[in-house]
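In: Build me a model from this:
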Amino acid sequence: MKQADERQLPYRTDRGGVKYLFRGPNLDWGVITLLPGDALGAHRHRRVEETFYFTGGEGVMVIDGKEHPARQGLAYYIEPGEAHDIRNTSNMPLSAVFIKYPYDPEDKEKA
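Out: Model prediction:
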């Protein structure tokens with residue numbers, strides 16, 4: 001059994017971004033908080049599948065260049081090879097939960 005306390009774990013940057021709650025051995029699991037005007041950064045994975053579930057705020061989920069709404073209650077499944085990005089287009093923080101499988105921290109390239 002593993003336990004994580006989100007309040008005790010850092011975001012990737014001072015402005016938020018990605019926060020991993022669990023890393024490996026089989027999957028990555030974490031949360032994302034994007035402040036107004038921020039973006040995750042367009043990227044893709046060769047082997048890794050990724051899901052996003054939006055828990056608050058509003059923005060845009062971009063998948064292979066096509067924009068989709070990102071708001072509370074929406075979920076997206078990203079297949080390996082699909083370029084994706086998340087942009088906060090609102091004046092409130094945008095938050096999501098993500099899961100990546102299989103665990104492969106080297107499997108990421110800019111799109």
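In: quick one: low-confidence parts of this protein?
Out: Within the chain, not a single segment meets pLDDT under 70.
In: Okay, strands next: where are they in it?
Out: Along the chain, counting by DSSP state E, strands occupy 17-23, 28-34, 43-44, 49-56, 58-63, 66-71, 75-78, 84-88, 94-101, 109-110.
In: what would these look like in a markdown table with mean neighbour count?
Out: C-beta: built from backbone N, CA, C; applies to glycine. Output for these, formatted as a markdown table (neighbours: other C-beta atoms under 10 Å):
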| stretch | mean neighbour count |
| --- | --- |
| strand 17-23 | 16 |
| strand 28-34 | 20 |
| strand 43-44 | 16 |
| strand 49-56 | 17 |
| strand 58-63 | 19 |
| strand 66-71 | 14 |
| strand 75-78 | 15 |
| strand 84-88 | 21 |
| strand 94-101 | 20 |
| strand 109-110 | 9 |
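In: for residue 105, what are its contacts?
Out: 23-24, 28 (C-beta atoms under 8 Å, 6 or more residues apart in numbering).
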